[in-house]
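Participant: got a predicted structure plus its sequence, pasted below:
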Number of protein chains: 2
Amino acid sequence: MSRVLCGELEKHVGAPVTVKGWVHRIRSLGQVRFIIVRDRSGLAQAVLSGELARSPHLSCETAVSVTGNVVEAPNVPGGCEIQATGVVVESAPVSSIPFEVNLPEITAGLEKILEHRVVSLRHPKSRAVFKVQAEAIEGFRRFLRANDFIEVHTPKIVASGTEGGAELFSVDYFGKPAYLAQSPQFYKQMLVGAGFERVFEVAPAYRAEEHNTSRHLNEFISLDLEMGFIDGLEDLLSLEERLFQYMFAHIRETCGKELAMFGAELPQVTTIPRLKLSEIETILRREYGKALPNGNLDPEGERLICQYVEKEAGTPFVFATHYPVTSRPVYAMPDPESPDLTLSFDLLFKGLEMNSGGMRINDYHQLVGNMGRFGLDPDSFAGYLEVFKYGMPRHGGFAIGAERLTARILELGNIREASLFPRDRERLTP
Amino acid sequence: MSRVLCGELEKHVGAPVTVKGWVHRIRSLGQVRFIIVRDRSGLAQAVLSGELARSPHLSCETAVSVTGNVVEAPNVPGGCEIQATGVVVESAPVSSIPFEVNLPEITAGLEKILEHRVVSLRHPKSRAVFKVQAEAIEGFRRFLRANDFIEVHTPKIVASGTEGGAELFSVDYFGKPAYLAQSPQFYKQMLVGAGFERVFEVAPAYRAEEHNTSRHLNEFISLDLEMGFIDGLEDLLSLEERLFQYMFAHIRETCGKELAMFGAELPQVTTIPRLKLSEIETILRREYGKALPNGNLDPEGERLICQYVEKEAGTPFVFATHYPVTSRPVYAMPDPESPDLTLSFDLLFKGLEMNSGGMRINDYHQLVGNMGRFGLDPDSFAGYLEVFKYGMPRHGGFAIGAERLTARILELGNIREASLFPRDRERLTP
């Protein structure tokens, strides 16, 4: 008999079925055992009577296959249950689990949850995080494919960093020094110039940051895009606005159950306010007496400007634009009208930076000159620079951290909860 | 005026347009210049007369924006051309390209092509390879999502290898030894047992293989899947059969132009013959006098059995199944009917192995015992083994190399042609 999912049991009332999954909960009542079976779709109750009430031995988390007839049961969630005629143990636990996964919340602390990740993920709410993440990424891809972007895959073992050498993990590449890519920045620009024009990539990126915070991971999934033949910064802001409209609509459509588990409501994305960093400085000083560090937003500044925009414009999103040259990478395009500033932006969402982006320098001589100003040796970047020699169109792009986006959507307290197997300063297993 | 793609010019006959792209070819004829503009969609001819015939200066590969009126031109491919009224140079080359990209084929050798990858990709045929690859991957994802698989992302920095320690790249992880994942094997199994049941991943994988061949890369894109609660090997073979049917139909539908550039015809995937390795041994000895190495297929064997199956069954695919325990990894499930063999398989396509897969051991004690037999210390694999303690269903899966698949579909001579920026024994840049 082919398998029926627990979440679809109600479609089979009156029919014989087999469900497969894990024993989520067991209750004995006189001569009858009730077990709740959990599979990827949800829960289903089975009633074991007669010989089945005693044998086989069952404990929570046993992997089982239960066969029986589906009958209406008004008091059971879903309105039906299985009158079991057979139970097969596929795999029994050899020891007891370190914490319960059948209560509304896991009561263990985050350390223990991550140490026993395969156990914590058995809790439907822990798994729901990754359904939302998968659909956010699917929405990202669908929107970009519909806008004629092509998905690419660029190497993560690289000969040099994209930002100058700090915070790189070293790899021994057949005796040669190599590094893990901090981002696909150089490659995505190269591919725009190589003729693809519009590229995106979903792939791991690496930052050997020494500090352990609730919003950084040392390995994370970067949702990158880059677009050529743009007219200016506005093209990128408008693209990201439409991207978030699409992604959020897609998540709402596919993850209703998961969002409800977290009580998360996804905002309607409309026009996202655009504020220059200098304007933000003025607002924060005026409204909150808050001074920003030189040429940048600190975490408190991110929180306050989002709070202000939420109050004034009713949206949790804001673009912060025109960061100074000194706080952006070597490839950031200076603003022709104000050369100390760059045509760059960050998207803030609910008080947290979601991504950085901007237009890039596309003129070969200007880029080489800028490397000099940044103290970088152009010879070390020959592979990157080549494409700028042969007609490089104006271009720009941005990158979104998948875990950070997921954590913000569900308002998780720690970004590690949005990573299946997080890598941080201390954590290399599981 | 908003941009029109070169490949869609014919829809705009009689209207003013702007096209953007690179100067693919230039020809002067008396007082008139003809330029062919190349963008991501194709080519379009523009006629520059009057002042535009002399200025601006244009050379091949200049990034330009051309405005003008679209007129019918029966002798031009596509049946129309642009009577230019304006040409803007967006970026001019600062030196000449190392080889031509406007001839039917690039005449440079593979070494030079890869050294100047950003140039070679400007050739439409080089770029077409990656359109086919992107759609193969998209087909993989769509099929699996439709079959209720969830996309996951697992760490590539790992504490130990999946196959026992050979061929690993070392990473310095804050002073601790770590490695680049050879495959997501352990993690995808763990996620099946963690309750996702059906997972897939598209991500880089790493093999520090010392040898340089035309069919190996040291970093490649692995298309992985794993499925729980299966009944046996047949479930996996049938899944892969349907997967290839879907993927190939998707590629045919989306890549007609690209397949035509290579004269590639995608076979209809019907039932894929299933031969035990022992049966293949018998066939090869009988038909070709060919002996296989102990318990495995060598490249010649792969070629010959595909040749045989093509002749007898009219399909370029064959499943080779039931490899001996000695030639499969520690987690391969022994065949209960014949414990020296495993419930494993390779898919061969046009003479080359596309992927390995099989059922995995799901019993904790059996897996720990097998580690002992393989000389592995179970303590080193504690993070992997944990999930087997708490009810691990029967499961299995397989992995397909994206570059290898692309190379076989287009019959490329070297797998490096199917990698944007290949990493091999010698190559770490660009």
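Facilitator: Arrived safely, thanks for sending. Numbering: from 1, shown residues only, chains lettered A, B, ... in the order given.
Participant: list the buried ones in stretch A:31-41?
Facilitator: By neighbour count with 16 or more other CB atoms under 10 Å in any protein chain shown, stretch A:31-41 contains the buried residues A:33, A:34, A:35, A:36, A:37, A:38, A:39, A:40, A:41. Every residue, glycine included, has its C-beta placed from N, CA and C.
Participant: what about chain B: which of those residues touch it?
Facilitator: With the criterion set as CB under 8 Å from any CB of the partner chain, the members of those near chain B are A:38, A:39, A:40.
Participant: could you export those residues as JSON lines, including secondary structure?
Facilitator: Converted to JSON lines, those look like this (DSSP: H, G, I helix; E, B strand; the rest coil):
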{"residue": "A:38", "secondary structure": "strand"}
{"residue": "A:39", "secondary structure": "strand"}
{"residue": "A:40", "secondary structure": "coil"}
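Participant: which among the residues you listed gets closest to residue A:328?
Facilitator: Relative to residue A:328, the closest of these is residue A:40; by CB to CB it sits at 43.7 Å.
Participant: so what's the residue count around the residue nearest to that closest one when sequence neighbours are not counted?
Facilitator: Spatial nearest neighbour of residue A:40, chain neighbours left out: residue B:197 (4.3 Å); criterion: CB to CB, 6 or more residues apart in numbering or on different chains. By other CB atoms under 10 Å in any protein chain shown, the residues close to residue B:197 number 25.
Participant: and the helices in the stretch 201-350 of chain A?
Facilitator: For the stretch 201-350 of chain A, the helices defined by DSSP state H, counting those that start in this stretch occupy A:233-254, A:256-261, A:277-288, A:299-313.
Participant: got TSV for these, with mean neighbour count, distance to residue B:273 and mean pLDDT too?
Facilitator: Output for those, formatted as TSV (neighbours: other CB atoms under 10 Å in any protein chain shown; distance: least, CB to CB, whole Å; pLDDT from 0 to 100):
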stretch	mean neighbour count	distance to residue B:273	mean pLDDT
helix A:233-254	18	38	98
helix A:256-261	15	42	97
helix A:277-288	16	64	97
helix A:299-313	17	60	96
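Participant: quick check: which of these is nearest to chain B?
Facilitator: In terms of CB to the nearest CB, the element of the helices of the stretch 201-350 of chain A nearest to chain B is helix A:233-254, at 10.2 Å.
Participant: identify the residues contacting the closest one?
Facilitator: With contact meaning CB atoms under 8 Å, 6 or more residues apart in numbering or on different chains, helix A:233-254 is reached by A:132, A:135-136, A:138-140, A:142-144, A:147, A:227, A:230, A:259, A:266-272, A:274, A:317, A:319, A:321, A:343-345, A:347, A:355, A:357-359, A:396-398, A:409.
Participant: of those residues, buried ones?
Facilitator: Buried subset of these (neighbour count, 16+ other CB under 10 Å): A:132, A:135-136, A:138-140, A:143-144, A:227, A:230, A:259, A:266, A:269, A:272, A:274, A:317, A:319, A:321, A:343-345, A:347, A:355, A:357-359, A:396-398, A:409.
Participant: so which of the residues you listed also contact chain B?
Facilitator: Among these, chain B is touched by residue A:138 when using CB under 8 Å from any CB.
Participant: only C-alpha atoms, please: export stretch A:373-380 in PDB.
Facilitator: C-alpha atoms of stretch A:373-380 as PDB (Å, rounded to 0.1, in the frame of the first residue of the first chain):
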ATOM      1  CA  ARG A 373      44.600  54.900  -3.200                       C
ATOM      2  CA  PHE A 374      43.500  51.900  -1.200                       C
ATOM      3  CA  GLY A 375      47.000  50.500  -0.900                       C
ATOM      4  CA  LEU A 376      46.200  47.500  -3.100                       C
ATOM      5  CA  ASP A 377      48.600  46.100  -5.700                       C
ATOM      6  CA  PRO A 378      46.800  45.900  -9.100                       C
ATOM      7  CA  ASP A 379      49.100  43.000 -10.100                       C
ATOM      8  CA  SER A 380      47.400  40.800  -7.400                       C
END
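Participant: does any bit of that stretch sit next to chain B?
Facilitator: No. Using CB under 8 Å from any CB, stretch A:373-380 stays clear of chain B, with a minimum separation of 10.1 Å.
Participant: list the buried residues in that stretch.
Facilitator: Buried residues in stretch A:373-380, counting neighbours by 16+ other CB under 10 Å, are found at residue A:376.
Participant: what separates it from the chain centre, distance-wise?
Facilitator: Between the centre of stretch A:373-380 and the centre of its chain there are 33 Å (CA atoms, centre = their mean, to the nearest Å).
Participant: what sits up against that stretch?
Facilitator: Residues outside stretch A:373-380 that contact it (CB under 8 Å, 6+ apart) are A:160, A:164, A:330, A:368, A:371, A:372, A:385.
Participant: ok so, going back, now the buried residues of stretch A:31-41 in a markdown table, with pLDDT?
Facilitator: Formatted as a markdown table, the buried residues of stretch A:31-41 follow (pLDDT from 0 to 100):
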| residue | pLDDT |
| --- | --- |
| A:33 | 97 |
| A:34 | 97 |
| A:35 | 98 |
| A:36 | 98 |
| A:37 | 98 |
| A:38 | 98 |
| A:39 | 98 |
| A:40 | 98 |
| A:41 | 97 |
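Participant: with adjacent residues omitted, what lies nearest to residue A:257?
Facilitator: Counting by CB to CB, 6+ apart, the residue nearest residue A:257 is residue A:128, at 7.5 Å.
Participant: how much space between residue A:217 and residue A:155?
Facilitator: In this structure, residue A:217 and residue A:155 are 21 Å apart, going by CB to CB, to the nearest Å.
Participant: the nearest residue to residue A:402 once chain neighbours are set aside: what's it in contact with?
Facilitator: With sequence-adjacent residues excluded and distances taken as CB to CB, 6+ apart, residue A:402 is closest to residue A:221, at 3.9 Å. Residue A:221 sits next to A:137, A:202, A:203, A:204, A:205, A:401, A:402, A:403, B:153 when contact means CB under 8 Å, 6+ apart.
Participant: kind regards, and thank you for your time.
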